[in-house]
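Undergrad: Here is a sequence together with a model predicted from it:
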Amino acid sequence: GDLVKEGDLVQLKEFYDQIGSRYEDVLSRIPSEGILKKFIHKFVNDPSYNELKAALNAADWPVAFRAVHTLKGVAQNLGLDRLGNAASQLTEAMRDKAEAPDAALVSAVDTAYEEVVAMIPQLDA
């Protein structure tokens, strides 16, 4: 639908509603909307997801584990709940293992990541 240009508050809350997160929970951790928005816009430049995908393709399990562990932390800090939860499940599945993780867990991370990245351009600066 049409995006609301007035009232940033609605815009940021709408962003979190769209990605299945609780806006109020996020603001309790990062009290400034401006700072929060900056971090969200910077998220697209966070290398963790691309590192994860490259490491999985290369069957480099230790690097893949570190990447998904970092992605989990970044997502949880920003209140990207679906992504954080998916990354957390993949992190635990990969902990102390030297084998390919369950494809469904990887797919869940991909889906949640793509959802967030698709929504970010719709968020006001």
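TA: Arrived safely.
Undergrad: switch to C-alpha atoms for all contacts and neighbour counts from now on
TA: Will do.
Undergrad: What is whatever helix or strand E14 lives in packed up against?
TA: Following DSSP states H and E, one finds E14 within helix 8-18. Applying 3 or more C-alpha pairs under 8 Å, 6 or more residues apart in numbering; DSSP states H and E, we find helix 8-18 packed against helix 23-29, helix 33-43.
Undergrad: any idea which of these is most buried?
TA: Each of the helices and strands packed on helix 8-18 was scored by mean neighbour count; the highest is helix 33-43, a mean of 15, by mean count of other C-alpha atoms under 10 Å.
Undergrad: So for that helix, mean pLDDT?
TA: Averaged across helix 33-43, pLDDT comes to 92.
Undergrad: Show me what that helix is packed against.
TA: Of the remaining helices and strands, those touching helix 33-43 by 3+ C-alpha pairs under 8 Å, 6+ apart are helix 8-18.
Undergrad: Any idea how far the helix it packs on is from the middle of the chain?
TA: 16 Å (C-alpha atoms, centre = their mean, to the nearest Å).
Undergrad: The least confident helix or strand in the chain by mean pLDDT to helix 33-43, inter-axis angle?
TA: Counting by mean pLDDT, DSSP states H and E, the chain has its least confident helix or strand at helix 8-18, which shows a mean of 78. Relative orientation of helix 8-18 versus helix 33-43 (axes from the mean of the first three to the mean of the last three C-alpha atoms, to 10 degrees): 50 degrees.
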